[in-house]
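> Next comes the sequence, and after it the predicted model I'd like to discuss.
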Amino acid sequence: MTCFEAQSMITPFINEQLDIKQLEQFLEHIERCKECKEEVEVYFTLFSGMKQLDENKTISNKFHIDLDNFIQKQEDNILEVKFKLVCTKIVLILIMVVLGLWIG
Ligand SMILES: [Zn+2]
């Protein structure tokens, strides 16, 4: 993924609109690319600031921690989706084995 691609995904990332594959590539990129990570931090700060204004909350100055939490949550989501995919595959294989036994 190029920096240009990554930066075009920042808004959908913050709005949790990326699909798992995009999300994975995006997180991989910002792990390695300091420039894009900084860009994400700026956007994230802006977005959470606006959100908090909307919700009439006092503005937190712990944006860094919030972003780290957010990224962690996204990574957990990826793991969860992958785990479900593996489970689905195992179930499918089991069904095929059982069917195979039943037919044979
Ligand atoms: Zn980059």
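In hand now; what should we look at? Worth saying up front: this structure is predicted, and the values here are computed from it rather than measured.
> Spatially nearest residue to Ile71 (excluding sequence neighbours)?
Leu27 (6.7 Å; C-beta to C-beta, 6 or more residues apart in numbering). C-beta coordinates here come from the backbone N, C-alpha and C atoms, glycine included.
> and the gap between Gln7 and Ile71?
16 Å (C-beta to C-beta, to the nearest Å).
> and if you look at Phe26?
Taking C-beta to C-beta, one finds Phe26 at 10 Å from Ile71.
> My guess is Ala6 contacts Leu23. True?
No: if you go by C-beta atoms under 8 Å, Ala6 and Leu23 don't touch, sitting 11.6 Å apart.
> in what helix or strand does the residue nearest to Ile71 lie?
If you go by DSSP states H and E, Leu27 is part of helix 20-32.
> ok, and for whatever helix or strand comes next after that helix, which residues are buried?
The helix or strand immediately downstream of helix 20-32 is helix 34-54, counting by DSSP H and E. By neighbour count on 16 or more other C-beta atoms under 10 Å, the buried set for helix 34-54 is Cys36, Lys37, Glu39, Val40, Tyr43, Phe44, Thr45, Ser48.
> Return only those of those found close to the ion.
Intersecting these with the surroundings of the ion, defined as C-beta under 5 Å from the ion, gives Cys36.
> Do I have it right that the residue nearest to Ile71 meets Asp76?
No: using C-beta under 8 Å, Leu27 is not in contact with Asp76, being 11.3 Å away.
> what sits against the residue nearest the centre of the chain?
When C-alpha atoms, centre = their mean is applied to the chain, the residue found nearest the centroid is Gln74 (3.4 Å). Contact analysis of Gln74 by C-beta atoms under 8 Å, 6 or more residues apart in numbering lists Phe13, Glu16, Leu23, Leu27.
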